[in-house]
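S.K.: Need the 3D shape of this:
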Amino acid sequence: MKPKLVCIDKTFLNGASGHHLPLFSKYFAVSNFDPSLEYDSNTTFIYQRDEARAKAKQYEKVSKFIADAVWETEFFCLNTFDERTLGLAAAGHNNNNRVLQIPKWFWFEEHFSQQDKKPLIKSLPSVHNKSKSFLLQMGDAKPPRVKLYNALERNNLLNNALYSFLAYGIALEGPCPTYTEDHELMIEDMIGDGPEPPFQQRAYRPEWYNTTQFTLVAEAINEIVDGPTDCFITEKTMKPIMYGHPFLLLSDNQSYKTLESWGFNTFPELFDQSIDNESDLDKKIESICIQIANYKNLDVQNKIQENFNRFWNRELVEELMIKEMIEPMLEFISKK
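M.R.: Now for the predicted structure:
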C-alpha cells in the first residue's frame, strides 16, 4: 500500500509545479487536506508555511510532516525540525540531517514544466549566424545583478548584447513598466490566482539564442552556503543548457564543478572558469567583463548537443528524482 501524503494548502505537488504529480503518485497516495476528514497515524502531511501546518495540529504527536521549500534555500516556516519532520530545500543546509537537499530541483522542474518549449527548438543556436554578443536575462534588482549591470554598462559591453533587466523596465519582449519583484506573486500569476503579469514567466523565443554567441547567467547568489558543493543552481543556469547555448556564470563558487558532477559540459575553452573559486564578487564581475571583451568563438557544438540531450532525457530525469527525492522521502516516512 502506498503511503498517504496529504498536501496542506499549496505545495510543489499541487501548486505551480503540479506536473510532478504523475510520477509521485506512483509512490504516494497524494491528496489535498480536508478538515472534515479524520486522518490516521500513517498519514504524512506536507506544507510550506506554519499556518498551513497549524491546520493539522491535532496530528502533531502521531503523524509525520514534510516542510516544502524545494524552490528555495530558506524555509517559509520555522525550521527547527524534530525527528517527525523532514525539510525539503534546494540548497543551503548541508550540515542539517533533518533537511533533504535537492540540488537538481531546477533541472527536474524545468524538464517537466517546459516541455511545451522543446518543439519550438527546430535547430540548435550554433548553426545560426550571430548578430549579438551575448544573452542576459535579469529580473529583480538584487545587489550582485546591479553591480554586474553597472560594470557591463561602464565597459560598453551591453551595446551589442541582447539583455533584459525587468526591475529597470527592460524586457526582451519590450517595455516592462509593471514588473513585480514578489517571486511568490509571480508564481501565483502563472496559475491564475493574481493579475496577469506583463509577460510570460519562463518565456522563450528561439531568436534570443539563435542570434547570440552565449548566455551570461546572473544566478541567485546563495548567501547561506554550507560548503563548497552547496551552491544554488536555478532555472537561470538551466536555460542555456536546455536551449543549446554555451554559458558564462556569475554564481556561487563551485557552480561549474557542480554542473560537471551532474554530467553537464562546461566551456573552459571559451571562458576562464577559475572564477569558480573566487569569493570576491567585484573580482568575479571584473573577470567576466574582461572575458566578454576578449571573447573568441570556438566550435563547441558537440558539447552543446550533449548538454541538450542530457537535460531532456526523461528516463534519466525520472531515475534521478526517484533516487534523490522520492526514495529518501519514503525512507523518512517508513522509519519508526
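
S.K.: Now that we're looking at Ser63, what pLDDT does it have?
M.R.: Ser63 is assigned 97 on the pLDDT scale.

S.K.: which residues does the residue lying closest to it once chain neighbours are set aside bridge with?
M.R.: Once flanking residues are discounted, Ser63 sits nearest to Thr43: 5.3 Å by CB to CB, 6 or more residues apart in numbering. Quick note: C-beta positions are derived from backbone N, CA and C, even for glycine. Thr43 forms beta bridges with Lys4, as assigned by DSSP bridges.

S.K.: Just list the residues touching Thr43, thanks.
M.R.: Lys4, Leu5, Val6, Tyr59, Ser63 (CB atoms under 8 Å, 6 or more residues apart in numbering).

S.K.: Would you confirm that the fourth one contacts Phe45?
M.R.: Yes: if you go by CB atoms under 8 Å, Tyr59 and Phe45 touch, sitting 6.8 Å apart.

S.K.: More neighbours: which of those two?
M.R.: Phe45 (24 against 20; other CB atoms under 10 Å).

S.K.: if I look at that one, how far off is Lys57?
M.R.: Using CB to CB, to the nearest Å, Phe45 is found at 10 Å from Lys57.

S.K.: and what of Asn297?
M.R.: 60 Å.

S.K.: Count the residues that sit near the nearest residue to Tyr168 once chain neighbours are set aside.
M.R.: In space, Tyr168 comes closest to Ala141 once its chain neighbours are excluded; the distance is 7.0 Å by CB to CB, 6+ apart. For Ala141, the count of nearby residues is 14 (other CB under 10 Å).

S.K.: Next: the one 10 residues further on.
M.R.: For Ala151, the number of neighbouring residues by other CB under 10 Å comes to 15.

S.K.: go on, Gln137?
M.R.: 19.

S.K.: For the remainder of this discussion, apply numbering that starts at 837.
M.R.: Done: numbering now begins at 837, and the last item shifts to Gln973.

S.K.: List the contacts of it.
M.R.: Tyr999, Ser1000, Leu1008, Ala1054, Lys1072, Lys1075.

S.K.: can you pull the pLDDT of the fourth one?
M.R.: Spelled out, it's Ala1054. Value for Ala1054, per-residue pLDDT: 96.

S.K.: these two touch, right, it and Lys983?
M.R.: No: assessed by CB under 8 Å, Ala1054 is found out of contact with Lys983, at 9.8 Å.

S.K.: Of these two, which one has the most company?
M.R.: Ala1054 (25 against 16).

S.K.: Right, I'll call it a day here.
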